[in-house]
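> Whatever this is, show me its structure:
(one chain, ligands or ions: 2)
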Amino acid sequence: LEDNATDADLVRHALKQGGLNTVWKHVDSKSAFARQLDTFAPDLILSDFTLPSLDGYTALEMARKKCSNTPFIFVTGTLGEEVAIETLKKGATDYVLKHRLRRLVPSVHRALREAKLRVDRRHAEEQLELSRTQLRALSIHLQVVREAERMRVAREVYDELGQTLTGMKLQLTWLSSRLPKRAKLLQEQAGTIARQIDETIVSIRRIATELRPGVLDSAGLLAALEWQAEEFQTQTGIRCNVRSTLRETIWNPDLNTAFFRIFQETLTNIIRHAQATTVDVRLSRTPRDYVLEVRDNGRGILNFEIQNTKSIGLLGMRERAALLGGEVSIVGERGRGTTITVTIPRRRRNSRLTPEVRLSLV
Ligand SMILES: Nc1ncnc2c1ncn2[C@@H]1O[C@H](COP(=O)(O)OP(=O)(O)O)[C@@H](O)[C@H]1O
Ligand SMILES: [Mg+2]
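Ligands and ions are numbered 1, 2, ... in the order given. Below is the predicted model of the structure:
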């Protein structure tokens, strides 16, 4: 952008001398400059500072708007120090004085190099963000698949094996009722088998329940939380109280699964890390959300533990909630305990995954 044809030639000559192979558009007015920004899309802009139809600041601003990543170098007769600094602040890459054109080629080389670095970095950042999104999608996908698989296996184990065993038990009872009273040994043997069958039925119930508690699907979230709390209390001796202000039962299977699995993870963490003696659980709702709060009275999680990106357990909780458009807040008070608050919208809103990623999960 230069209104003096001789100066333009000098600049072109300097670039050629410096070994720069250029395709060149020379303009000297605002309208022509605007047109070339659109159609030519330059890799580099060299601009005089004062022209009849526009000043350097305006030219710079136009260029920033149209092609913000293109290096912009002022090549000008004189430029006061303050103006020079101001142009750099406003986004100019450099300025070269016309009586020091020797500086032009090195300045252009540097500008192009830096522009390329910026482009490369932006590209790398985009790639990184993309793979983060994909990883998140994968982790969610795995959770969904695992949950479905657990549910299927739990049902199969419970229904099929349970029924078979019950049938065997009946047959055994029939059989032993026909054994002669005197056959003490056989009677005893039948009794042992019957007890083994009973024990196996109990194990099968336990295994199925561990895979996916039936109560979650048959009696709703609150009942499942209460059941889990009871189990936890029995196993660990840590008191666990569940309260709810809900009048309704939550049946939404996705929501139930998310809350329930997060609750389990929280309890596991309490056993492993908290040194707590009491856990208070509260299920409530706001006009927008269902809220599960789990508060322990242990040592209190530290900030660096919350922020640690390697904390797969905490990360998993967050992902589960995020999938349903919700979030998990974790607060620790040193020596006084940890509170985990899970908030999930009652009505499903968009999760933070992009539509494409969500689609790929279906
Ligand atoms: N209730 C809690 N009280 C104190 N510290 C906790 C609690 N829950 C989690 N933490 C801390 O946060 C860390 C991260 O938890 P998590 O992601 O579940 O990983 P992990 O349980 O596998 O160590 C734990 O290692 C522990 O140091
Ligand atoms: Mg954990």
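> Which residues are in contact with the residue of the chain found nearest ligand 1?
Shortest the chain-to-ligand 1 distance, computed as CB to the nearest ligand atom: residue-wise this is residue 313, at 2.1 Å. Every residue, glycine included, has its C-beta placed from N, CA and C. The neighbours of residue 313, taking CB atoms under 8 Å, 6 or more residues apart in numbering as the test, are 265, 268, 269.
> try it again with 6 Å
Shown in contact with residue 313 (CB atoms under 6 Å, 6 or more residues apart in numbering): residue 265.
> Which strand or helix spans it?
helix 312-323 (DSSP states H and E).
> Now do the buried residues in that helix.
By neighbour count on 16 or more other CB atoms under 10 Å, the buried set for helix 312-323 is 314, 316, 317, 318, 319, 320, 321, 322, 323.
> cool, stretch 8-28 as well?
Here stretch 8-28 shows 8, 10, 11, 12, 14, 15, 27, 28 as buried, counting by 16+ other CB under 10 Å.
> Can you list the neighbours in contact with that stretch?
With CB under 6 Å, 6+ apart, stretch 8-28 has contacts from 1, 2, 3, 33, 36, 40, 75, 101, 104, 105.
> And for the strand or helix carrying residue 222, what's in contact with it?
According to DSSP H and E, residue 222 maps onto helix 221-236. Contact partners of helix 221-236, identified using CB under 6 Å, 6+ apart, comprise 213, 215-216, 240, 242, 244, 250, 256, 259-260, 263, 267, 271, 283.
> Let's see if you can find the most crowded of these.
With neighbours taken as other CB atoms under 10 Å, the top of these is residue 259, carrying 27 neighbours.
> Excluding chain neighbours, give the residue nearest to that residue in space.
residue 292 (5.3 Å; CB to CB, 6 or more residues apart in numbering).
> residues touching the one you found, list them.
Applying CB under 6 Å, 6+ apart, the residues contacting residue 292 are 259, 283, 342.
> if we take the residues you listed, which one ends up nearest to residue 175?
residue 259 (47.1 Å; CB to CB).
> tell me which element the most centrally placed residue in the chain falls in.
Nearest to the geometric centre of the chain sits residue 136, at 5.5 Å (CA atoms, centre = their mean). When elements are assigned from DSSP H and E, residue 136 belongs to helix 104-156.
> Which strands or helices does the helix or strand following that helix pack on?
Remark: after helix 104-156, the chain's next helix or strand is helix 162-177, criterion DSSP H and E. In terms of contacts (3 or more CB pairs under 6 Å, 6 or more residues apart in numbering; DSSP states H and E), helix 162-177 is packed against helix 184-211.
> any idea of the mean pLDDT for the helix it packs on?
Taken as a whole, helix 184-211 has a mean pLDDT of 93.
> Outside of the next helix or strand after it itself, which residues are in contact with it?
Heading C-terminal from helix 184-211, the first helix or strand you meet, by DSSP H and E, is helix 214-218. By CB under 6 Å, 6+ apart, the residues outside helix 214-218 that reach it are 223, 224, 227, 256, 260.
> So which residues on the chain come close to ligand 2?
269, 313 (CB under 5 Å from the ion).
> residue in the chain nearest to ligand 2?
Using CB to the ion, the single residue of the chain nearest to ligand 2 is residue 313, 2.8 Å away.
> Share the number of residues neighbouring the spatially closest residue to residue 220 that is not a sequence neighbour, please.
Of all residues not flanking residue 220 in the chain, residue 249 sits nearest, at 3.8 Å (CB to CB, 6+ apart). Using other CB under 10 Å, the number of residues around residue 249 comes to 12.
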